[in-house]
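In: Quick one: sequence and predicted model below, then my questions.
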Amino acid sequence: MRPDTVVILDFGSQYTQLIARRVREAGVYSEIHPCTITPEALRALDPKAVILSGGPSSVTDADAPPFFPEVFNWGLPMLCICYGMQLLAHTQPGGAISASTDREYGRAELSILADIPLFAGLPDKSGHIVWMSHGDKVVSPPDGFVVAARTKNVDIAALADVKRRIYALQFHPEVAHTEDGERLLHNFLFTIAGLTPGWTMAGFVESQLAALREKVGDDQVVCALSGGVDSTVVAVMLHKAIGKKLHCIFVDNGLLRLGEGEEVVAYLRKNFDLNLNYVQASKLFLDRLAGVTDPEQKRKIIGTTFIEVFEAEAAKLPGVKYLAQGTLYPDVIESVSFKGPSAVIKSHHNVGGLPEVMKLALIEPLRELFKDEVRKVALELGLPDAIIWRHPFPGPGLAIRIIGEVTEERLEILRRTDKIVQAELLASGWYRKVWQGFAVLLPLKTVGVMGDGRTYENVAAIRVVDSLDAMTADWSRLPSEILATMSNRIINEVKGVNRVVFDVSSKPPSTIEWE
């Protein structure tokens, strides 16, 4: 049975996914759809409430995102955030906007002017810290709306039509910087919209298992395992649903972390009795990577070779109709953005390209979930912490953490270096605190002194970042004693490294991975 659904219309805000996550964290199912959705398609979704996101455009721009304002007359509870508020004022009778003389970006103090359900339970009437990010502002409320709050620079920071259950905020309640933002969203979802919190991972797993059994029937499914949490959850879920009709293929490309392939395969075979084919293809990958230094060429070689190996193994299986893969909701959202699919920054991503090559129907059990929800599903399925909380690992593996040519010697140096980084993050309790931590082998050597001798060895970099979804990231402020221990162990225990550096760049402008 489908839970109550909130539809979020995306106008290009960097925070749109965050709105959806906040709604889901409250136990209410949410979906993001582009603002280009038709009225008929929106009605077909049967939303119980609608949220309009922010966006970078001005509603007065000639190329402003399209929108059908009749949704305001459907009788649905609505929350209009930032650009959504300006859109409300711009399209409804009596409303007006203008460009702000003093634009607000960042913190602002909110003064509450009206007692409305959206602000119920807020402790004070003034001084709330909220997060602003806008150029235009509303200068006249639409007919029937009351001005519910203001800031120093904006006379109309919140609007309310209590009877029609339509509310608008110039600030962003979904970001952590806004005090009581969670309370505001809960007030909208439960007090105003009267929704029932029926979105749980236990319920999701139960419904998905039933749906997978019905869809697959007597057919066979093939799944590419990488050892990461996404593909492992897909495999275990399908195994619970269809048993031996699932065939998993784990391709060891020789670019994995130290002992990773053997550990993952042994665990899955022992605990879930999977049909699992462990393909050793290290030599093929390394032979094709010999002499290659360009990162994009590395990715293409690895992606093409993976498809070749996977397809050859899958062809040995009779009666396979479906390919299962771990597509997540952010990938789905990106593909339907009103701005169009993003430019290809990195050409290789997991098993991209397989459906087109193999002509198999897709099964994507996780396409409704965010990354944090996948981890909750993994808990429901009984997977161990070592898999659930494993840091993200790129599809091309260590090849893009070795700057320059990939050789077995350089791989061995990086594996042992990275193992120490992982071990010290775990030992210090920081592994679960950060988004991702790893080592990078640089294409240069420096002079060092070990014992009484001069050395000329490799430089290793340590990269540790904090993030919510990998869209943005900042370098983690690890205590200096942890970095000192990592550096000391690497230089003393890894033959071939005599210098360690720590990466203190954020994303943007840098990326998390080095290549």
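Out: In hand now; what should we look at? Numbers count the residues shown, from 1 in each chain.
In: three-state assignment of the spatially closest residue to residue 286 that is not a sequence neighbour?
Out: Spatially, and ignoring its direct neighbours in sequence, residue 286 is nearest to residue 254 (5.3 Å; Cβ to Cβ, 6 or more residues apart in numbering). For every residue, glycine as well, the C-beta is placed using N, CA and C. Classification of residue 254 using DSSP: H, G, I helix; E, B strand; the rest coil returns coil.
In: Would you mind confirming that residue 455 makes contact with residue 447?
Out: Yes - counting by Cβ atoms under 8 Å, residue 447 is a contact partner of residue 455 at 7.1 Å.
In: So for the two, which residue has more residues nearby?
Out: More neighbours surround residue 455 than the other of residue 455 and residue 447, with 16 against 10 (other Cβ atoms under 10 Å).
In: Could you name every residue contacting both of residue 455 and residue 447?
Out: residue 498 (Cβ atoms under 8 Å, 6 or more residues apart in numbering).
In: What is the burial count for the residue nearest to residue 286?
Out: 21.
In: likewise the one 10 residues further on?
Out: Around residue 264 there are 24 other residues, counting by other Cβ under 10 Å.
In: Name the residues of stretch 302-318 that are buried.
Out: Neighbour counts over stretch 302-318 (16 or more other Cβ atoms under 10 Å) mark 302, 303, 305, 306, 307, 309, 310, 313, 314 as buried.
In: State the pair within those residues that is farthest apart.
Out: 302 and 314 (18.0 Å; Cβ to Cβ).
In: circling back: would you check how far apart the residue nearest to residue 286 and residue 285 are?
Out: Residue 254 sits 5 Å away from residue 285, going by Cβ to Cβ, to the nearest Å.
In: quick one: the residue nearest to residue 286 and residue 290 touch, right?
Out: No - the criterion here is Cβ under 8 Å, and residue 254 misses it with residue 290 at 12.0 Å.
In: Which of the three states applies to the nearest residue to residue 461 once chain neighbours are set aside?
Out: Nearest residue to residue 461, sequence neighbours excluded (Cβ to Cβ, 6+ apart): residue 440, at 4.3 Å. Secondary structure, three-state DSSP: residue 440 is strand.
In: Residue 22 now?
Out: Under three-state DSSP, residue 22 falls in the helix class.
In: Any regions of this protein where pLDDT drops low?
Out: Scanning the chain for pLDDT under 70 picks out the ranges 1, 100-105, 124-125, 134, 334-358, 451-452, 469, 471.
In: who touches residue 94 in this structure?
Out: Here residue 94 is in contact with 140, 141, 142, 143, 144 (criterion: Cβ under 8 Å, 6+ apart).
In: Spatially, which residue comes closest to residue 502, not counting chain neighbours?
Out: Closest to residue 502 by Cβ to Cβ, 6+ apart is residue 462, at 5.1 Å.
In: Parallel or antiparallel, list what pairs with the strand or helix carrying the one you found.
Out: Residue 462 belongs to strand 453-466 when assigned by DSSP states H and E. In the sheet, strand 453-466 lines up against strand 436-450 (antiparallel), strand 474-475 (antiparallel), strand 497-502 (parallel) (DSSP bridges).
In: Could you give the separation of the one helix or strand residue 288 maps to from the chain centroid?
Out: According to DSSP H and E, residue 288 maps onto helix 282-289. How far helix 282-289 lies from its chain's middle: 31 Å, per Cα atoms, centre = their mean, to the nearest Å.
In: For it, which residues meet the burial criterion?
Out: 282, 284, 285, 286, 288, 289.
In: Which residue is the nearest non-sequential neighbour of the last one?
Out: In this case it means residue 289. residue 406 (4.7 Å).
In: residues touching the residue nearest to residue 286, list them.
Out: 281, 282, 283, 285, 286, 408, 411.
In: Contacts made by stretch 503-515 with the rest, please.
Out: With Cβ under 8 Å, 6+ apart as the test, stretch 503-515 has contacts from 295, 298, 394, 400-401, 403, 436, 440, 461-465, 467, 470, 472-475.
In: Tell me what residue 31 is bridged to.
Out: Under the criterion DSSP bridges, residue 31 forms beta bridges with residue 7.
In: Kindly report the same for residue 497.
Out: Per DSSP bridges, the residues bridged to residue 497 are residue 458.
In: okay, now residue 445: neighbour count?
Out: Using other Cβ under 10 Å, residue 445 has 15 other residues around it.
In: Quick one: residues contacting it.
Out: 456, 457, 458, 459.
In: Try it again at 10 Å.
Out: Residue 445 sits next to 455, 456, 457, 458, 459, 496, 497, 498, 499 when contact means Cβ atoms under 10 Å, 6 or more residues apart in numbering.
In: you'd agree residue 396 is up against residue 301?
Out: Yes - if you go by Cβ atoms under 10 Å, residue 396 and residue 301 touch, sitting 8.9 Å apart.
In: When those two are compared, which one has more neighbours?
Out: Neighbour totals were compared for residue 396 and residue 301, and residue 396 leads with 27 against 19 (other Cβ under 10 Å).
In: Now residue 276, what are its backbone angles?
Out: Torsion angles at residue 276 (phi, psi; degrees, to the nearest 10) stand at phi -130, psi 120.
In: Okay, and the beta partners of it?
Out: Counting by DSSP bridges, residue 276 is bridged to residue 248.
In: ok, now how distant is it from residue 235?
Out: From residue 276 over to residue 235 the distance is 8 Å, taken as Cβ to Cβ.
In: shared neighbours, the two?
Out: Joint contacts of residue 276 and residue 235 (Cβ under 10 Å, 6+ apart) are 223, 225, 246, 247, 248, 250, 268.
In: Export these to CSV and append columns for distance to residue 136, secondary structure and neighbour count.
Out: Compiled in CSV, the shared contacts of residue 276 and residue 235 are given as follows (distance: Cβ to Cβ, whole Å; DSSP: H, G, I helix; E, B strand; the rest coil; neighbours: other Cβ atoms under 10 Å):
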residue, distance to residue 136, secondary structure, neighbour count
223, 48, strand, 26
225, 49, strand, 23
246, 53, strand, 26
247, 55, strand, 22
248, 52, strand, 26
250, 53, strand, 23
268, 53, helix, 23
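In: re the thing from before, including distance to residue 240, could the contacts of residue 254 go into CSV?
Out: Output for these, formatted as CSV (distance: Cβ to Cβ, whole Å):
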residue, distance to residue 240
281, 29
282, 31
283, 35
285, 32
286, 36
408, 38
411, 35
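In: All good on my end, thank you.
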